[in-house]
Each structure stands twice: as structure tokens, then as C-alpha cells.
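Enquirer: Predicted structure and sequence below. I'll ask about it afterward.
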Amino acid sequence: MRHYPLASFGGSRRLFILLEEWYRNRRWTDHPEAVGTAGRGLVWDAAEWDHWYQERQNTAGLVTRADLEERHGLARSTLERLWALTGPNKAVVRGGG
């Protein structure tokens, strides 16, 4: 199991908040479930978490803004407004039909 206290992120509160957001939105981020607690903090299976994080860094197959503009005939400003409307649940769009 692995426990990720704030100190393990170089004390970066911003990164810690991002990780908490990924966990809270795991329905969309596929963040692994915690397997227990250590004090007040959650812990994860190290291999499962590392695999998830490595896959999250994989950008192969991601659709670019230019791809979306061309595919759907939308202006960049329209795509930006649509993105802003998605709020905190910004799903990653992978290529495909």
C-alpha cells in the first residue's frame, strides 16, 4: 500500500488539491479506489495507483482542439466556451468515431 501525504508532493498544496479532485471525480478520471487509511489519510495499492498514473500521462490518441474544430466545424472560441461549461468534470476525449 502507498500513502501519499502532502510532503510527498514537495509540499505543493496545488498538486495535492489536484490529486484530491481526481479522486473525488474518479467516476470520470478512473482514479483507483483507496484500499484503506493511514491515520486520517487514504492509502492506495502502489502498483494499481502507479499504473493508473502512468496511463494518465499517456497522450496517445487524445483529440486536439484543431481536430475538434475540423471534425465538428466549430470555432476555437465555441470549443473554449463549451469546455468552460463542463465545470469540474472535464472528461478526457480520446480519438475515435
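Expert: Done, it's in. Residues are numbered from 1 along each chain as shown.
Enquirer: alpha carbons only for contacts and neighbour counts from here, please
Expert: OK.
Enquirer: Model confidence for the residue of the chain most remote from its centre, exactly?
Expert: Distance from the C-alpha centroid of the chain peaks at Gly73, with 27.1 Å (C-alpha atoms, centre = their mean). pLDDT, Gly73: 93.
Enquirer: Quick check: it vs Thr86, distance?
Expert: When distance is defined by C-alpha to C-alpha, to the nearest Å, Gly73 is 20 Å away from Thr86.
Enquirer: try Ala34
Expert: Taking C-alpha to C-alpha, one finds Ala34 at 26 Å from Thr86.
Enquirer: What of Thr64?
Expert: Thr64 is 17 Å from Thr86, by C-alpha to C-alpha.
Enquirer: quick one: low-confidence ranges for this structure?
Expert: Applying pLDDT under 70 to the chain picks out residues 1-11, 87-97.
Enquirer: change it to 50
Expert: 97 (pLDDT under 50).
Enquirer: Now do the domain split for it, please.
Expert: As assigned by automatic domain parsing, the chain contains the domains 2-57, 60-97.
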